[in-house]
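Visitor: only geometry, no sequence info:
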């Protein structure tokens, strides 16, 4: 009913980071791609199989040093249902290796429909009395634009299954302020209002480290807002994208954490996945390069905490 | 680069409606479910196959009288990747029958990621030079909370492929007002601000009926806001959920249309899909009941235009 399992892994590994698994095909080393083109032709099937081999090698290289992975659904849907099957196999593989899995789907809908998303991603689907984990992730990112009845079904599933959600509050992209920074009549910003709604929703999902099961997405690219939101909402756990490739550095992350060094999990996707390109090492060593970058990131973040 | 193809179908069929394909397993007649349980056991595979047979029969019964279908992705994701494969097959089947397909996914993300959603749902995925339509829908619902750079990649794909998007403006659910109705310092509401952003984005996708390729989702359950938004934003085409099962009636829809009787496509999902239950007819006649309800809805809406 909260982020307890994630926070426990973070403490144990001394590593408040998550590796994003956002596999575009051109991130995948050529020797892997060629293998599957030879088998399946230049098809979605081949792409999906190549992504799966790439993902599993990354998970193998990271699972003892990084507590969580965050597959981004867009990069799987881009390869059709075959890509979504790879997403599913990736979630299950990461879990078999003991990793916490945050599905980045930014799902949102009216209550009856959100119930289906909640069931499919975090809960158990009922097939005539058989209860089946369709995707079976540990946490899901969601968008709160629809208000409470679009969030409530998630809270119910999280309460039953010890899972959590991250609600978009202040996103990492350049134009996030167009809507999120607008001031309301009350003087508060829209993102601040959204964070207050997270506080309300979180009351249903208390956690033992002082953080509820309703977290927030707050971009590393906006360090001032990170600090402001941390101070104002001590019980909201943050998922922080934008470190590394999007330009946010470790110094700007300090404000995301509380005095115990808890309160956030920082994501890096491309910098880890494509570390072999930046390093310039042999592409067969892509997983080794990912591990080296993940360790560098861990040290970088711990150095400012 | 706009909703021209949808609007042409609406004019030709004299029917401004779309049939939602939101198939929960318990909507599917028992004889279909039993057939696939016998074949695959009580599994996601069986569920997904049952949904596909159900969907195709509905499409066959509706395709000459209803211009469009709107599959809601949540109901497919609930059945795992097998469900998403049924979603894919449903999109392709509906298109083969000449229907316009609106994927209801309410997708949203930062620019680089939204490009993948845009490509997967509306565009062509590049597999080493081969261009493949992963899902190949005609339109996608999206959430604009992230601002312009989360929308821009969609506009690029829509411009290339003659497709459109519907942005959530004022949703049909009871708590939509919690955030969307809040007043900004400027005095305007958040939903009104979002509609103005749709006007801006739509400038890149002009259409020949006076509507751009950037539409808006506005719930039938809020007739005042429908009327207000229609008057203030004459070039935004509306996707209107909430007719029927959610309680919005035909009278409240008048405000969604302009003086030419254009400007909106009204969705009905459960009332059409489960018409056989309400009618109390033999479940083998479920598709016939869906057709009768779709014709009743068409007449109901035309009677107020």
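Guide: Nice, thanks for sending it over. In this text, all values refer to a predicted model and were calculated from it rather than measured experimentally.

Visitor: buried set for stretch A:149-163?
Guide: Along stretch A:149-163, the positions that meet the burial threshold by neighbour count (16 or more other Cβ atoms under 10 Å in any protein chain shown) are A:149-155, A:157-158, A:161-163. Where C-beta positions appear, they are placed from N, C-alpha and C, glycine not excepted.

Visitor: now, the most widely separated pair of the residues you listed?
Guide: Greatest spatial distance among the buried residues of stretch A:149-163 (Cβ to Cβ): A:149 and A:162, at 23.1 Å.

Visitor: circling back: list just the nearest of the buried residues of stretch A:149-163 to chain B.
Guide: Using Cβ to the nearest Cβ, the shortest approach to chain B within those belongs to residue A:149, at 4.4 Å.

Visitor: What residues does the closest one make contact with?
Guide: Residue A:149 sits next to A:110-111, B:173-175 when contact means Cβ atoms under 8 Å, 6 or more residues apart in numbering or on different chains.

Visitor: Wait, a strand at it?
Guide: No. Assessed by DSSP: H, G, I helix; E, B strand; the rest coil, residue A:149 does not belong to a strand; its assignment is helix.

Visitor: neighbours around residue A:212, how many?
Guide: Here the count is done by other Cβ atoms under 10 Å in any protein chain shown, and residue A:212 has 26 residues near it.

Visitor: just how off-centre is stretch A:61-75 within its chain?
Guide: Relative to the centre of its chain, stretch A:61-75 is centred 8 Å away, using Cα atoms, centre = their mean, to the nearest Å.

Visitor: buried stuff in that stretch?
Guide: A:61-63, A:66-75.

Visitor: so which of those are also by chain B?
Guide: With Cβ under 8 Å from any Cβ of the partner chain as the criterion, the buried residues of stretch A:61-75 include A:72, A:74-75 near chain B.

Visitor: now, which of those sits nearest chain B?
Guide: For chain B, the closest of those turns out to be residue A:74, at 3.9 Å, with distances computed as Cβ to the nearest Cβ.

Visitor: On the three-state scheme, the residue lying closest to the closest one once chain neighbours are set aside is what?
Guide: Once flanking residues are discounted, residue A:74 sits nearest to residue B:116: 3.9 Å by Cβ to Cβ, 6 or more residues apart in numbering or on different chains. In three-state terms, and counting by three-state DSSP, residue B:116 is helix.

Visitor: residues contacting residue B:116?
Guide: Under the criterion of Cβ under 8 Å, 6+ apart, the neighbours of residue B:116 are A:24, A:72, A:74-75, A:77-78.

Visitor: and the buried residues of stretch A:61-75 as CSV, adding pLDDT and secondary structure?
Guide: Supplementary listing: the buried residues of stretch A:61-75 in CSV, determined by pLDDT from 0 to 100; DSSP: H, G, I helix; E, B strand; the rest coil:
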residue, pLDDT, secondary structure
A:61, 98, helix
A:62, 98, helix
A:63, 98, coil
A:66, 98, coil
A:67, 98, coil
A:68, 98, strand
A:69, 98, strand
A:70, 98, strand
A:71, 98, strand
A:72, 98, strand
A:73, 98, helix
A:74, 98, helix
A:75, 98, helix
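
Visitor: so which of these would you say is closest to chain B?
Guide: Distance ranking of those against chain B, using Cβ to the nearest Cβ, places residue A:74 first at 3.9 Å.

Visitor: I figured that closest one hits residue B:120, correct?
Guide: Yes. The pair residue A:74 / residue B:120 is scored as a contact, 7.0 Å apart, by Cβ atoms under 8 Å.

Visitor: still on that earlier bit, what's the farthest-apart pair in the contacts of residue B:116?
Guide: A:24 and A:77 (12.4 Å).

Visitor: These two: which has the busier surroundings?
Guide: Taking other Cβ under 10 Å, residue A:24 and residue A:77 do not tie; residue A:77 has more neighbours (25 against 19).

Visitor: Pull the contacting residues for that one.
Guide: Under the criterion of Cβ under 8 Å, 6+ apart, the contact list for residue A:77 reads A:83-84, B:116-117, B:120-121, B:134-135.

Visitor: Over to residue A:7?
Guide: A:207, A:209, A:211, A:237, A:262.

Visitor: List of residues touching stretch A:37-48?
Guide: Contacts to stretch A:37-48, defined as Cβ under 8 Å, 6+ apart, come from residues A:25, A:33, A:36, A:49, A:79-80, A:82-83, A:85-86, B:125, B:127-130, B:132, B:134.

Visitor: what's the burial count for the residue nearest to residue A:251 when sequence neighbours are not counted?
Guide: With sequence-adjacent residues excluded and distances taken as Cβ to Cβ, 6+ apart, residue A:251 is closest to residue A:304, at 5.8 Å. For residue A:304, the count of nearby residues is 12 (other Cβ under 10 Å).
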